[in-house]
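Participant: Just a sequence and a predicted model for now, questions to come.
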Amino acid sequence: MNHFLLKTIIHSPLAPAPVGPYNQAILVGGTLYVSGQIAIDQANEKLVIDNIEDETHQVMKNIGFILDAAGMTYENIVKCSVFVNDMEKYSRINAVYASYFHDDTAPARELVQVVHLPKYVNVEISCIAAK
């Protein structure tokens with residue numbers, strides 16, 4: 001018996017366009033899988049990397065644009081994966097990240113240090129959201 005998944009590509013013109021063979025997000029059933037986002041400001045196509053706080057806010061804004069395109073909000077996020085290039089920035093990234101969630105509805109998450117990220121940014125975040 002063949003089972004076909006109905007996948008819907010989600011795209012927001014406000015978030016950075018994919019730079020490879022992937023989509024910003026895929027909706028399957030009521031679950032949204034958002035690709036890793038970095039701090040590109042789509043309005044001017046420039047990286048926001050002056051400081052880690054502004055960079056993290058831009059990443060979260062990009063995620064928000066994609067969530068909105070799928071009819072969701074940050075409250076729909078059930079899981080985040082956060083990748084950083086320097087664990088010393090953890091507390092500063094965490095402070096910004098936490099401002100997007102309420103303590104009682106914060107998603108599950110891991111935060112890991114990696115050697116390099118795309119375009120040599122400092123932070124990348126992907127997430128899974130559900131209706």
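Facilitator: Happy to help now that I have it.
Participant: Show me the helices in the protein, by range?
Facilitator: 52-69, 90-98 (DSSP state H).
Participant: just the ones you listed: most buried one?
Facilitator: Highest mean neighbour count of the helices of the chain: helix 52-69, a mean of 20 (counted as mean count of other C-beta atoms under 10 Å). (Each C-beta comes from the backbone N, C-alpha and C, glycine too.)
Participant: Residue ranges in the protein under the pLDDT threshold?
Facilitator: By pLDDT under 70, the low-scoring segments of the chain are 1-4.
Participant: how near is residue 75 to residue 119?
Facilitator: Distance of residue 75 to residue 119, given as C-beta to C-beta, to the nearest Å: 29 Å.
Participant: Kindly apply the preceding question to residue 110 instead.
Facilitator: 22 Å.
Participant: More neighbours: those two, which one.
Facilitator: residue 119 (12 against 9; other C-beta atoms under 10 Å).
Participant: Correct me if wrong: residue 32 contacts residue 25.
Facilitator: Yes. Between residue 32 and residue 25 there is a contact under C-beta atoms under 8 Å: 5.5 Å.
Participant: which residues do these two both contact?
Facilitator: 10, 66, 70 (C-beta atoms under 8 Å, 6 or more residues apart in numbering).
Participant: which residues touch the last one?
Facilitator: Looking back up the chat, that one is residue 70. 10, 25, 27, 32, 129.
Participant: got the residue ranges for the strands in this structure?
Facilitator: In the chain, the strands defined using DSSP state E lie at 7-10, 25-28, 31-37, 40-41, 46-47, 77-84, 108-113, 123-130.
Participant: Of these, which is nearest residue 53?
Facilitator: strand 123-130 (10.4 Å; C-beta to C-beta).
Participant: Next up, the contacts around the nearest residue to residue 97 once chain neighbours are set aside.
Facilitator: The shortest distance from residue 97 to any non-neighbouring residue, by C-beta to C-beta, 6 or more residues apart in numbering, is to residue 56 (6.3 Å). Neighbouring residues of residue 56 by C-beta under 8 Å, 6+ apart: 39, 92-93, 96-97, 123.
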